[in-house]
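Undergrad: Predicted model and sequence follow; I will ask about them next.
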Amino acid sequence: MTEMSITMENTKKPDSAQNILRTELRQIVRDLMNILRDSEKSETGQSPAGLLQIVEDKLQHSQFHLAVLGQFKRGKSSFINALLNQAVLPTGVVPLTSVITILHWGPQIAIKVIYRNGTDEMVSPDNLHQLVTERGNPGNRLGVSRVKIEYPSEFLHRGIVLVDTPGVGSVQQANTQETLDYLPRIDAAIFLFSADQPINTEELSFLQTSRSFAPKYFFVLNKIDLLSSAELAESLNYCQQILSEQFQESVSIYPVSALWHLQGHHKSGVPDLQTELEKFLVRDRDKLWLLGNIQRLQRVTNLLSEKNRLDRNAVLSSRQELRAAVERLHTLQNRAEETKDDCRHILSGESQQALQALTEKVEKYRQEQSYKLRREFTKEFQNSKHEPRNPEQHIFQRLAEELEKFRPDLTQEMKQKTTSLLHRFNLQAGELASEVVNIGGKVLGVEIGLHLPEPELNMESNLEYFFEKEVGLIPWGIKDLLRPLPWALKKGIILRQWVDQALMLLDRNCGRIRVDLAERINATRQSYYQAWQQEIERIVGEIRSAVEQGLRLQGDQVALAGWQKEMAHREKVIAHVEQILAEILSQLDELISENSF
């Protein structure tokens, strides 16, 4: 995910509508912070305290966050470079790590690395890839918190700050969490698709999740340089149809080629998009900045109201019902560990079956291709009258072509198997989840949802084929020995060497495909089980906290009176805030149209 933060000028008069609304929002933040309990104030992320901190930061710095979202291999970093008109960020097929990279204007390039332990250092541009790419910094083992880059870009000089943040779907769970935690900060977004890959369910799922955080989206189709004019028209039509059906409204898609733009191609589409972004920022940014903060504050009031209902229903339930709930939770907790172990073993066993099927599929393919390629290479070179100039390049290319024909179908098959096994896990583990949710629903009268990720194989791959290009197919000693001989005499020996080495490389790269998919299946299984376990623990914790508080307050009339007073105050403040936010929303269009904001 990438973000552009636009610093809004605050040159209005002290009594302007802009400053009046800022003052009202600051007061709302203070009022809501004051009703948070001590245990709630330490929470972060998308909690009430975390959201209030975001709004407070935005009010202080007046930044408008425009996020660029995109999956792996969508050309996200290249697209950012195109917006800057310069290759600043590293690009390639290897995914970025969970490292936030902030770009803002400076008179010359300067890069500062901030580590999680609080230390920082200045680094050279040549070392940037060692910090922000998966190849240079696998799993963020260097402990980088974020990277700040100053750069003399015309685009950045207009007060824009670009923040490149990892997208979701990485095998590194931290990547997904970094992005999800950052979503509440965005005010608008650019969602990047790729012309060489159709829209998939993972993209639509993440788009659906992220869209609730931003009222404005720009849809961009990158890599149009890979398509003909007819293919581009077909791709645009397909994307528009899918997105329109998904969101029940007409959408516009901007076709671009980041590669063409960086090469100076006049039909890249990037300048047109930049023009549209500039118009949008001049016309709508103030309104959307305010609207985004109002929606964050509304999310806070909704979360607090849900917590209040849970607490109040617990206090109003009979002691008999609450004691029964405690006993059920206690029994459930004793059974939960055993059940979770059983579920983990079930999921592990199902995964092993999928991995066994994967191994058999790869082995069958290897055997078939070995026979096919041996015959092909033997026939091709046996009939040659002269020694081929560069047989290695031809053989490497043929191997890569065959592997790339096989891998997409195999990946799709493993994706289906992974989805199927996770669905079966949900059915087998559903009894425990249902019982936990029912305790809250039946005893406390509150509907509690179980939120799990989509049960799909992680589609991000770090696979790279291995070909011994430096050594070649013939060992150096044999090359030197056979060099003086005519081709007719040495052809048989060299041909056997070529074919044997080619088949060895086929075997090795088949193994790499199997390991890559096996790692992705295991990572998907582990992250899904973790998410399921954390959801169970979260719901149990919320119910237990409310039930225990209800029992405590029912046995202490003084504490109950104090709680009722506090609850009445919380609910009064929330209702007042909701009323003010509704009034601001009703006046928003009028204020903007009068240019008073």
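TA: Sure thing, it's come through.
Undergrad: where in the stretch 401-550 of the chain is pLDDT low?
TA: Where the stretch 401-550 of the chain drops to pLDDT under 70, the residues are 427-465, 467-491, 494.
Undergrad: Helices of that one, start to end?
TA: Remark: helices assigned in the stretch 401-550 of the chain by DSSP state H, counting those that start in this stretch are 476-482, 487-554.
Undergrad: Against which helices or strands is the last one packed?
TA: Meaning helix 487-554. Secondary structure elements in contact with helix 487-554, counted by 3 or more CB pairs under 8 Å, 6 or more residues apart in numbering; DSSP states H and E, are helix 270-316, helix 319-382, helix 391-444, helix 476-482, helix 557-593. C-beta: built from backbone N, CA, C; applies to glycine.
Undergrad: Turn the ones you listed into TSV, including distance to Arg496 and mean neighbour count.
TA: Formatted as TSV, the helices and strands packed on helix 487-554 follow (distance: least, CB to CB, whole Å; neighbours: other CB atoms under 10 Å):
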stretch	distance to Arg496	mean neighbour count
helix 270-316	53	18
helix 319-382	9	15
helix 391-444	13	17
helix 476-482	11	12
helix 557-593	78	14
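Undergrad: Out of those, which gets the lowest mean score?
TA: For these, mean pLDDT drops lowest on helix 476-482, to a mean of 52.
Undergrad: what would the helices and strands packed on helix 487-554 look like in JSON lines with distance to Ala531?
TA: Below are the helices and strands packed on helix 487-554 laid out as JSON lines (distance: least, CB to CB, whole Å):
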{"stretch": "helix 270-316", "distance to Ala531": "20"}
{"stretch": "helix 319-382", "distance to Ala531": "12"}
{"stretch": "helix 391-444", "distance to Ala531": "11"}
{"stretch": "helix 476-482", "distance to Ala531": "52"}
{"stretch": "helix 557-593", "distance to Ala531": "30"}
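Undergrad: send the alpha carbons of stretch 308-324 over as PDB?
TA: Extracted C-alpha coordinates of stretch 308-324, given in PDB (Å, rounded to 0.1, in the frame of the first residue of the first chain):
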ATOM      1  CA  ASN A 308     -21.800  -0.200  26.500                       C
ATOM      2  CA  ARG A 309     -24.600  -2.500  25.400                       C
ATOM      3  CA  LEU A 310     -22.500  -5.600  26.300                       C
ATOM      4  CA  ASP A 311     -21.700  -4.200  29.800                       C
ATOM      5  CA  ARG A 312     -25.300  -3.000  30.500                       C
ATOM      6  CA  ASN A 313     -26.900  -6.300  29.400                       C
ATOM      7  CA  ALA A 314     -24.500  -8.200  31.700                       C
ATOM      8  CA  VAL A 315     -25.400  -6.000  34.600                       C
ATOM      9  CA  LEU A 316     -29.100  -6.300  33.900                       C
ATOM     10  CA  SER A 317     -29.000 -10.100  33.500                       C
ATOM     11  CA  SER A 318     -30.000 -12.200  36.600                       C
ATOM     12  CA  ARG A 319     -27.200 -13.500  38.800                       C
ATOM     13  CA  GLN A 320     -28.400 -17.000  38.000                       C
ATOM     14  CA  GLU A 321     -27.900 -16.300  34.300                       C
ATOM     15  CA  LEU A 322     -24.500 -14.800  34.800                       C
ATOM     16  CA  ARG A 323     -23.300 -17.700  37.100                       C
ATOM     17  CA  ALA A 324     -24.500 -20.100  34.400                       C
END
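Undergrad: what's the most buried one of the helices of the stretch 401-550 of the chain?
TA: helix 487-554 (a mean of 18; mean count of other CB atoms under 10 Å).
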